[in-house]
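> sequence? don't have it. structure:
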């Protein structure tokens, strides 16, 4: 009877819904890609086969750090319209991956929360007027700290009921963002990352930062990008590599603070054996084979992200 009950629970996990905390459909929209293109990582068919219930869709502006905030705001509007036109067949929450458009006025972000924004990352791949980036080649570790404008915007995000995202932030900026969240009783997350202990990349999250995020009741969402989770730099990862990062994060943080943030359609190098948003049953099978309990699988695939996103006003 115990084996039958366990089999039923595993079957439930394999068939349950998934929340993906970082999907770059905005990038696809920005470049004119078609949502129904079967070569895409995020399509209606793949969302259905992966039983994806909820997507977090970051607004993205190419090279925003080089542009005046007013120009970036115009491009946010254009990207938002393109995303809306896609008619994504799942629940969606908007995010910012780089908030350069509000560097001159933190209050400008207020109206976006009425449009469904919940998660805000201040910086992308280069230092900007708000924060330091983990991948700016001109910035050595621990990277640049938040600017006064960055601190003001982080506080405004919390006042608006949002969640701070440390993905892409330098170690110095991430530490400050987490402290701001803690000081104001808010959540901070990393929406798409690998664990630095397993893959030595400045872009990945340190154990110390991961623990600090968990202390805010946030989550560390593991990416599907080979550059984040692969064992050998420059080579594609495998689903076992992804599983290793998930397992490690669970081992140091507990089952309540780990999630999925694929980075699909973000020009990533996906793992061998992945199929975009239809990958999740195969990832579940990999984690099950490696001994992960069904209750932990459910938490990582859905429940933890649902808890965090449910905090948004």
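Cool, got the structure. Predicted model only: the values in this text are computed from it and were never measured. Residues are numbered from 1 along each chain as shown.

> Which parts of the stretch 51-200 of the chain are helices?
All helices of the stretch 51-200 of the chain, identified by DSSP state H, counting those that start in this stretch, fall at 69-86, 110-113, 148-159, 171-183.

> gap between the helix or strand hosting residue 298 and the chain center?
Taking DSSP states H and E as the criterion, residue 298 maps to helix 294-298. For helix 294-298, the separation from the chain centroid amounts to 20 Å (computed by C-alpha atoms, centre = their mean, to the nearest Å).

> do you know how far the most centrally placed residue in the chain is from residue 179?
With the centre of the chain defined as its mean C-alpha position, the nearest residue by C-alpha atoms, centre = their mean is residue 191, 2.3 Å away. Going from residue 191 to residue 179 by C-beta to C-beta, to the nearest Å gives 19 Å. All C-beta spots, glycine's among them, are computed from the backbone N, C-alpha and C.

> Check residue 141 too.
18 Å.

> cool, and residue 197?
22 Å.

> try residue 290
Going from residue 290 to residue 179 by C-beta to C-beta gives 35 Å.

> Ok, residue 192 next?
Counting by C-beta to C-beta, the gap from residue 192 to residue 179 is 22 Å.

> one step back: how about CSV for the helices of the stretch 51-200 of the chain, with distance to residue 258 and mean neighbour count added?
CSV is the format used below for these (distance: least, C-beta to C-beta, whole Å; neighbours: other C-beta atoms under 10 Å):
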stretch, distance to residue 258, mean neighbour count
helix 69-86, 27, 16
helix 110-113, 26, 17
helix 148-159, 23, 21
helix 171-183, 17, 21
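
> And those helices: which comes nearest residue 281?
helix 69-86 (24.0 Å; C-beta to C-beta).

> And that closest one, what does it pack against?
helix 25-30, strand 52-59, strand 91-97 (3 or more C-beta pairs under 8 Å, 6 or more residues apart in numbering; DSSP states H and E).

> which of the ones you listed is buried the deepest?
strand 52-59 (a mean of 25; mean count of other C-beta atoms under 10 Å).

> ok so, going back, ok, then the element right after the helix holding residue 298?
As assigned by DSSP H and E, the chain's next helix or strand after helix 294-298 is helix 304-309.

> Name the residues of that next one that are buried.
By neighbour count on 16 or more other C-beta atoms under 10 Å, the buried set for helix 304-309 is 304, 305, 307, 308, 309.

> Quick check: the last one vs residue 189, distance?
Going back to what we said before, that points to residue 309. 10 Å.

> remind me which residues of the protein are low pLDDT?
Applying pLDDT under 70 to the chain flags residues 1-16, 29-30, 33.

> Show me the contact partners of stretch 266-274.
For stretch 266-274, contacts defined as C-beta atoms under 8 Å, 6 or more residues apart in numbering pick out 22, 24, 27, 41, 223-227, 229-230, 236-239, 241-242, 264, 276, 279, 282.

> Show me which of these are buried.
22, 24, 27, 41, 223-227, 229-230, 237-239, 241-242, 264, 276, 279, 282.

> follow-up on the earlier one: so the residue nearest to the centre of the chain touches residue 95, yeah?
Yes - with contact defined as C-beta atoms under 8 Å, residue 191 counts as touching residue 95 (7.0 Å).

> list the residues that contact both of the two?
22, 56, 58, 119, 121, 165.

> ok, now how distant is the residue lying closest to the fifth one once chain neighbours are set aside from residue 95?
The spatially closest residue to residue 121, leaving aside those adjacent along the chain, is residue 165, at 3.8 Å (C-beta to C-beta, 6 or more residues apart in numbering). Going from residue 165 to residue 95 by C-beta to C-beta gives 7 Å.

> so what sits against both of these two?
119, 120, 121, 191.

> what's near enough to touch residue 93?
Per C-beta under 8 Å, 6+ apart, neighbours of residue 93: 54, 55, 56, 57, 116, 117, 118, 119, 309, 312.

> of these, closest to residue 31?
Closest approach to residue 31 among these (C-beta to C-beta): residue 57, at 14.9 Å.

> For the closest one, name its beta-bridge partners.
Per DSSP bridges, residues listed as beta-bridge partners of residue 57: residue 94.

> which ones are touching it?
23, 24, 25, 26, 83, 88, 92, 93, 94, 95.

> The stretch 101-250 of the chain: strands as residue ranges?
For the stretch 101-250 of the chain, applying DSSP state E, counting those that start in this stretch gives strands covering 117-121, 163-165, 188-193, 220-222.
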